[in-house]
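> Return atomic coordinates for the entry below.
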Amino acid sequence: MLIVAFVILGIVMVKVIPTMAEMFLDLDGEMPLITQLLIASSNFMKKHIVWIVLFMLLAIIFFKVYTDTEKGRILWNKMRLKIPILAVLVAVSVPIFTSKLDKAKETTDLANMRAAKAAAVVQMNEISTETTYFYDANKGTLVESKPTEGYGQSSEVVDGASEAPKGKVLAVTINPTAGTVTLKWE
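Numbering: from 1, shown residues only. Coordinates of the predicted model:
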């Protein structure tokens, strides 16, 4: 069970935290110290994964040798009574953490959709025929050429979208005569 907990922790630190770090860095705000430390720990683990695995293997060998002694066996039996509590905490916290991450991605996409629609309403007064633009999330403006890098985050369909936005950009079609704005992830 302990090995499973370390594997889960390793996956979170090497896969999930870097994804969150990218989202935080895109926000251009000051991150709390604990978040900075977590991201630094994740970067350290990614950079030194070979040494960490080697250390873990040596620790397992040492553990096996130690628990073959009388004193080690007694200590290990005491510890085994407490390990299920840790396993339950990890098993409960990982799904909660990932669901919050998914919700943050969806919220980011909804915010981009609202900002694109607001920019389109402003642009509507300046055009006379139906025109399609692309929303540049980095600048917060409508542009004529499609941005090269997609900014959609969510793997699920968000409210007001016909498909999942992950890796896509918003195409904004403005029809000033009908007074409508249509958004589509492309």
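> can you list contacts of stretch 146-163?
23, 102, 104-106, 108-110, 112-113, 134, 136-138, 164-171, 183-186 (Cβ atoms under 8 Å, 6 or more residues apart in numbering). In short, each C-beta sits where N, CA and C put it, glycine included.
> And for stretch 15-31?
Outside stretch 15-31, the residues touching it (Cβ under 8 Å, 6+ apart) are 35, 38-39, 41-43, 46, 97-98, 101, 104-105, 108, 153.
> how about the CA coordinates for the helix or strand of the chain with the lowest mean pLDDT, as CSV?
In the chain, no helix or strand scores lower on mean pLDDT, DSSP states H and E than helix 17-26, which sits at a mean of 76. Extracted in CSV, the C-alpha atoms of helix 17-26 (Å, rounded to 0.1, in the frame of the first residue of the first chain):
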residue,chain,number,x,y,z
ILE,A,17,1.5,19.7,-10.8
PRO,A,18,3.3,20.8,-14.0
THR,A,19,-0.1,21.1,-15.7
MET,A,20,-1.4,23.3,-12.9
ALA,A,21,1.9,25.3,-12.9
GLU,A,22,1.3,26.2,-16.6
MET,A,23,-2.2,27.4,-15.8
PHE,A,24,-0.9,29.5,-12.9
LEU,A,25,1.9,31.0,-15.0
ASP,A,26,-0.6,32.0,-17.6
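> hang on, the earlier thing: mind checking which of the contacts of stretch 15-31 land in helices?
Residues of these located in helices (DSSP state H): 35, 38-39, 41-43, 46, 97-98, 101, 104-105, 108.
> Run through the protein and note the low-pLDDT ranges.
1-2, 26-29, 161-162 (pLDDT under 70).
> Can you give the domain ranges for it?
What automatic domain parsing lists as the domains of the chain is 2-106, 112-185.
> what's the straight distance from one end of the last one to the other?
The stretch domain 112-185 measures 11 Å between its terminal residues, going by Cα to Cα, to the nearest Å.
> Out of the domains of the chain, which is the most enclosed?
Among the domains of the chain, domain 112-185 has the highest mean neighbour count (mean count of other Cβ atoms under 10 Å), at a mean of 15.
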